[in-house]
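S.K.: Sequence plus predicted model, see below.
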Amino acid sequence: MLTVRTAQDVGRLRRDGALNPRYLEYLEELFGQLQGALSTGDEGEFNLESHGYIVVIGKEDNPRGLPGVGLGTGGLLASWPEFVEVVDIGDVRLYKVAVLYDNEYMMLFLSEVGQFDEETESWLQDQVG
């Protein structure tokens with residue numbers, strides 16, 4: 001699982017080659033959109049920590065248990081997403097899942113389509129709206 005809270009996190013992912021280049025471009029654009037919408041310009045380095053950050057769930061992660069990001073028992077499958085959409089970015093298709101924790105804190109989860117077991121993929125497809 002990868003987390004993105006700051007522009008430095010995005011830069012680290014780029015340096016490490018942790019994601020497909022198109023996936024990384026999409027992540028950078030998403031981070032920029034969130035920064036544009038949420039930054040007051042007074043906080044120094046912009047950080048998503050207090051707003052809800054971006055979590056990249058990899059195939060090695062267990063979507064049924066993500067306690068490090070506040071989704072313990074049942075994980076993503078026990079959440080009630082605000083929305084789930086499929087994003088086509090060239091050779092990669094992603095699920096973008098928004099989970100509202102409270103009125104001011106929403107986490108965004110990204111995961112490649114087709115990387116999980118049939119039950120998880122079916123649940124994600126059922127949530128797409």
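M.R.: That came in fine, so what should we check first? Numbering: from 1, shown residues only.
S.K.: Would you state the helices of this protein in chain order?
M.R.: Applying DSSP state H to the chain gives helices spanning 7-16, 21-38, 118-127.
S.K.: Give me the buried positions along the top strand by length along the chain.
M.R.: The longest strand of the chain (DSSP state E) is strand 92-102. Within strand 92-102, the residues that count as buried by 16 or more other CB atoms under 10 Å are 94, 95, 96, 97, 99. Bear in mind the C-beta positions are built from the backbone N, C-alpha and C, glycine included.
S.K.: do stretch 17-25 as well
M.R.: 19, 23, 24.
S.K.: and residue 100, what does it touch?
M.R.: 82, 106 (CB atoms under 8 Å, 6 or more residues apart in numbering).
S.K.: Quick check: beta-bridge partners of it?
M.R.: Beta-bridge pairing of residue 100 under DSSP bridges involves residue 106.
S.K.: I'd like to know how far it sits from residue 19.
M.R.: 25 Å (CB to CB, to the nearest Å).
S.K.: Spatially central residue for this structure, please.
M.R.: residue 109 (2.5 Å; CA atoms, centre = their mean).
S.K.: where does that residue land on pLDDT?
M.R.: At residue 109, the pLDDT value in this model is 97.
S.K.: And residue 86, by the same measure?
M.R.: For residue 86, the model assigns a pLDDT of 98.
S.K.: picking up where we left off before, okay, the angle between the longest strand of the chain and helix 21-38?
M.R.: Interaxial angle of strand 92-102 relative to helix 21-38 (axes from the mean of the first three to the mean of the last three CA atoms, to 10 degrees): 30 degrees.
S.K.: mind exporting strand 92-102 as PDB, just the C-alpha atoms?
M.R.: Output of strand 92-102 as PDB, limited to C-alpha atoms (Å, rounded to 0.1, in the frame of the first residue of the first chain):
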ATOM      1  CA  VAL A  92      -4.300   1.100 -17.200                       C
ATOM      2  CA  ARG A  93      -7.800   1.000 -15.800                       C
ATOM      3  CA  LEU A  94      -8.300   2.100 -12.200                       C
ATOM      4  CA  TYR A  95     -11.000   2.000  -9.600                       C
ATOM      5  CA  LYS A  96     -11.200   5.300  -7.800                       C
ATOM      6  CA  VAL A  97     -13.000   4.800  -4.500                       C
ATOM      7  CA  ALA A  98     -14.000   7.800  -2.200                       C
ATOM      8  CA  VAL A  99     -14.800   6.900   1.400                       C
ATOM      9  CA  LEU A 100     -16.100   9.700   3.600                       C
ATOM     10  CA  TYR A 101     -15.000   9.200   7.200                       C
ATOM     11  CA  ASP A 102     -16.700  12.300   8.500                       C
END
